[in-house]
Structure formats: structure tokens, C-alpha cells
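Novice: sequence below, structure please.
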Amino acid sequence: MLTFYNGDGERFCDGISRRSFLRAGGLALGGLALPDLLRLKAQGAVASAGRGKSVIMICLGGGPSHVDTYDMKPEAPAEIRGEFRPIKTNVPGMQLSEMLPRQAKIADKFAVVRSATWEEPVHQRIEIFTGFPKRQRRPSFGSYVSRLAQGCEKTLPKFVSLKGDDQEIAEAEQPLWVGAQHRAFVPNSQGLKSLEPSRQVDLSRVKNRKELLGQLDTLRRDVDASGEMRAIDAFSVQALDMLTSGKARRAFDLSDEKPQTLDRYRAGGNKFMYSHSSSPASWDWEAFVRARRLVEAGVPFVSMQVGLWDHHCADGLPSIFDSYRSLLPLYDNCLSALITDLHERGLHQDVCVVVWGEFGRTPRINKFGGRDHWPAAGSVLFSGGGLKMGQYVGATSATGEYPITRAYTPQNILATLYHVLGIDPSATIPDHNGRPQYLLDDREPVKELI
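Specialist: Residues are numbered from 1 along each chain as shown. Got it, this is the predicted structure:
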């Protein structure tokens with residue numbers, strides 16, 4: 001007899017109650033048992049022209065300053081241009097901040113949309129994860145990808161949120177009417193533990209899936225009142241594929257990375273000065289490596305958040321420029337390492353990296369040496385995915401206050417990512433009231449990148 005455990009260590013065996021959940025080796029995503037999750041995915045699938053590509057979304061939570069990174073204004077007054085100067089890149093006419101020298105050497109491998117604009121001036125990342133402000137709440141991009149992406153590796157989750165244990169991120173990445181089975185897999189300690197088989201399960205004895213299903217036949221096959229718990233059938237095979245293949249566990253494990261590869265990512269260090277604290281903050285360079293490993297393994301969408309970018313500043317604390325002198329080199333090192341790594345592995349055509357925050361920052365420096373929230377303008381970086389690289393798309397005013405070319409919203413950014421993944425954003429999925437809802441209302445991608 002096989003014994004399975006849930007993520008809390010509670011023991012379940014054959015004969016579970018109709019409202020219990022089978023957790024193969026503890027593997028449960030979004031509160032659903034894996035076989036049921038897979039069944040619901042199949043029942044709710046919508047056809048798309050998926051091409052087996054992947055997206056890594058890097059959120060710079062807090063909102064990075066566009067005028068200190070990719071949209072420099074060297075001719076503006078001192079209270080706007082700040083303390084940094086632009087430098088040349090390997091693309092003629094394309095300049096960026098002197099604090100990003102590594103990216104300057106590989107500018108032909110990315111593009112920056114400098115005419116991005118947002119609606120909300122607050123730190124709810126709902127707009128960048130869904131395309132809509134909170135008042136028009138929609139399911140997250142990752143949940144749609146989980147439901148619609150085709151040709152994916154069946155032994156891996158389709159949507160991984162490396163920062164999904166953060167309350168604000170979890171709120172922004174809700175699946176809503178796409179279905180709870182399309183919630184992100186979060187690789188925190190409990191999530192990673194769920195990928196480990198119970199010590200009482202001898203995997204060598206369960207390679208024959210038919211034999212295993214025979215052992216599972218003693219489990220109840222009832223359906224609960226909510227309709228989320230489905231009968232345990234052939235989808236148990238797929239659940240056990242995910243558990244027994246070990247591919248998911250290996251994708252999260254950095255121990256088999258070459259030391260020189262890890263050295264490339266961690267070369268900049270792991271601490272930076274934050275303008276709202278007198279103590280250094282931690283930089284998660286490992287998230288970049290994990291994201292690359294996950295898309296390399298076949299996960300179609302990985303989201304992550306790194307750094308602290310909310311630099312209003314205050315008396316007695318570092319200015320935004322003091323903070324950026326320690327933060328931007330870490331960001332520069334890790335992003336350039338990721339882009340270079342994807343190219344060296346031949347993944348750059350199949351993996352798109354997008355980097356952005358929930359807004360830009362005020363061009364005018366405040367009295368504390370910081371910059372405040374500014375949704376009117378900001379920058380979004382794209383790399384790979386078969387898009388056109390080595391360019392700036394759009395422009396802002398001489399002071400960086402607003403776009404003077406076509407403004408691109410979060411919906412346009414996400415439409416571009418759907419294009420990369422081969423997902424039609426005009427697809428509709430019924431909401432909780434049964435009304436069909438488009439993935440996006442504005443379904444036009446950033447045309448200059450296509």
C-alpha cells in the first residue's frame with residue numbers, strides 16, 4: 001500500500017474522505033491535488049498556436065527610475081538629470097546609464113520601450129501582472145499562460161512564481177475565473193518539499209504506471225460539491241510522471257550548476273544599500289539562475305521580483321543615487337549574465353525576458369534626494385523571444401515626464417508576451433458570471449518589436 005502526505009505532514013492513505021485531497025508525495029498546487037489539477041487543466045483548455053516558448057518576467061518592485069537607467073536626460077537641469085551620466089553601448093546611438101556597463105556591452109541583445117505608461121500610482125503590482133488596474137481586476141498573465149500554453153513539458157508546472165510567497169505578489173497573481181488549478185507553483189520550503197516523494201514510497205516499485213493505478217483504485221472516486229475535486233483516473237499517471245521523473249526537483253536545484261556559471265551571476269555580491277533603511281538589504285542573484293533553469297527545463301512562464309526600488313528617501317538616509325550605486329551594479333551583473341547565458345545555451349530565440357516595475361519615478365528629484373511614484377512614464381526592457389533587439393522604442397519629453405511617441409500600456413506589453421508564446425489575446429474565457437472575457441482589451445503588441 002502506498003502512503004501519501006500533504007504539505008503539512010498530515011498522513012493520508014487509501015480510504016480518504018470525499019473532501020480530502022490526494023497529494024502524491026505532498027505535491028499540491030494552489031490547494032488542489034495534482035491529479036485533479038491536471039484534470040481541470042485538460043477540461044478547461046482553450047486551443048492556441050503555442051510554439052513551446054517561455055517568458056521570464058522580472059519585476060523591479062517599487063518602481064525603478066527610468067531617467068537614471070535607460071532614459072537618461074543629460075541636457076536637463078540638475079534637479080532632473082541627477083548624478084549619473086550616459087555611456088555608449090555596442091549599438092550606435094543607443095546610450096544608457098554609466099551604472100549599467102555590462103548591459104552596455106550587450107545592448108544588441110535587448111530592446112527598451114521608453115514610452116511605457118501605467119494607470120495606478122500605488123505599489124499594487126496587479127497592473128503589470130494582469131494588464132489592468134485593481135478596479136478592473138482580471139486574472140493574472142501567468143494563470144492564462146498556464147491554461148492556454150500548448151506543447152509544454154507535462155512533468156513541470158506551467159507557471160512558477162519565485163516570489164509568490166510575498167503577499168502582494170500572491171494577490172496580483174490570482175487566477176480568478178481562469179481556475180484555481182492555474183494558480184502559480186511557489187517554490188518556497190513547502191512547495192519544494194512537495195516535489196520530494198515520501199520516504200515510504202519506493203519509486204523503483206512504481207515505474208509501472210498501470211500497477212500503481214491499480215494500487216490507487218482503492219481510493220474514493222467521489223466528486224465534491226464544489227466540482228473542484230475530480231475522479232482520480234488517468235491523470236494520476238501524469239501526476240506521478242511529475243513526481244517520479246525528478247525533472248521539477250532538478251530544475252530548482254542549483255547544486256549541479258557549474259561553479260563558473262554561478263560565479264558569473266553572483267560576481268556583483270548580494271547586498272545593497274536601500275534608501276529607507278540604515279542596514280544593507282539582500283539581493284537574490286540565485287533567482288536569475290533558477291529562472292533560467294526553469295525555462296530551460298520547459299516551464300513556459302516564470303515570474304520573479306528582485307531588489308527594492310522605492311526610493312523616496314528621507315532625512316539621514318541614503319539618497320536614490322547612493323542606493324543606486326550599490327543596487328544597479330548587482331542588477332547590471334545579473335541581468336547581463338542571464339541574457340548572455342541564454343544566448344550561449346541557444347535559448348534566446350525561445351525565451352523572452354521582460355524587466356519592468358509598477359511605474360517609473362518622478363524626473364524631478366525631491367528635497368530628500370529621492371524620486372517619487374510616476375506612472376506617466378517609464379521603461380520596459382525586452383530580450384530574446386524572437387523579437388527585434390538592439391533598439392530603443394519610443395521616447396519621452398526632454399524632462400522624461402511623459403511619452404512624446406506612441407504610449408504603450410501594460411496591456412500592450414503583455415500582448416507582446418502573448419505573441420511570443422503563440423497565445424491569441426483575443427481568446428475569451430467565461431468569468432464567474434458566465435460572461436466571456438478577453439485576455440486583454442487592448443490586444444495590440446509593441447509593433448516595433450515584432
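
Novice: I'd assumed Phe159 was in contact with Phe185.
Specialist: Yes: taking Cβ atoms under 8 Å as the definition, Phe185 is a contact partner of Phe159 at 6.6 Å. Heads up, the C-betas are built off the backbone N, CA and C, glycines and all.

Novice: what sits in contact with each of the two?
Specialist: When Cβ atoms under 8 Å, 6 or more residues apart in numbering defines a contact, no residue borders Phe185 and Phe159 alike.

Novice: shaky segments in this structure?
Specialist: 1-52, 189-245 (pLDDT under 70).

Novice: residue nearest the centroid of it?
Specialist: With distances taken as Cα atoms, centre = their mean, Ser303 lies nearest the centre of the chain, 1.1 Å away.

Novice: need the residues that contact the one helix or strand it maps to.
Specialist: In the assignment (DSSP states H and E), Ser303 maps to strand 301-305. Strand 301-305 has contacts (Cβ under 8 Å, 6+ apart) with 54-61, 129, 141-142, 145-146, 149, 158-164, 166, 169, 173, 184, 284, 287-288, 290-291, 294-295, 421.

Novice: what sits opposite the residue nearest to the centre of the chain in the beta ladder?
Specialist: Going by DSSP bridges, Ser303 is paired in beta bridges with Met57, Ser161.

Novice: can you list the buried residues in the longest helix along the chain?
Specialist: Longest helix in the chain by number of residues (criterion: DSSP state H): helix 320-344. By neighbour count on 16 or more other Cβ atoms under 10 Å, the buried set for helix 320-344 is 320-343.

Novice: per the annotation, how does the protein divide into domains?
Specialist: 1-44+198-245, 50-195+246-449 (automatic domain parsing).

Novice: point out the most buried one among those.
Specialist: Mean neighbours per residue, mean count of other Cβ atoms under 10 Å, is largest over these for domain 50-195+246-449, with a mean of 20.

Novice: now do that domain: distance to the chain's middle.
Specialist: 7 Å (Cα atoms, centre = their mean, to the nearest Å).

Novice: so what's Asn366 up against?
Specialist: Contact analysis of Asn366 by Cβ under 8 Å, 6+ apart lists His312, Cys313, Asp372.

Novice: turn those residues into a markdown table, columns for distance to Tyr438 and secondary structure.
Specialist: A markdown table is the format used below for the contacts of Asn366 (distance: Cβ to Cβ, whole Å; DSSP: H, G, I helix; E, B strand; the rest coil):
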| residue | distance to Tyr438 | secondary structure |
| --- | --- | --- |
| His312 | 36 | coil |
| Cys313 | 41 | coil |
| Asp372 | 34 | coil |
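
Novice: following the longest helix of the chain, which helix or strand shows up next?
Specialist: Defined by DSSP H and E, the subsequent element after helix 320-344 is strand 351-356.

Novice: list the strands paired with that next one, with their directions.
Specialist: Under the criterion DSSP bridges, strand 351-356 sits next to strand 54-59 (parallel), strand 378-384 (antiparallel) in its sheet.

Novice: what angle do helix 320-344 and that strand make with each other?
Specialist: Orientation check (axes from the mean of the first three to the mean of the last three Cα atoms, to 10 degrees): strand 351-356 against helix 320-344 gives 170 degrees.

Novice: what's strand 351-356 in contact with?
Specialist: Identification of contacts with strand 351-356 by Cβ under 8 Å, 6+ apart yields 53-60, 110, 116, 128, 295, 335, 338-339, 342, 378-387, 413, 417, 420.

Novice: packing partners for the helix or strand just after it?
Specialist: Next helix or strand after strand 351-356 toward the C-terminus (DSSP H and E): strand 360-361. Packing contacts for strand 360-361, counted by 3 or more Cβ pairs under 8 Å, 6 or more residues apart in numbering; DSSP states H and E, involve strand 373-374, strand 378-384.

Novice: partners of strand 360-361, with directions?
Specialist: In the sheet, strand 360-361 lines up against strand 373-374 (antiparallel) (DSSP bridges).
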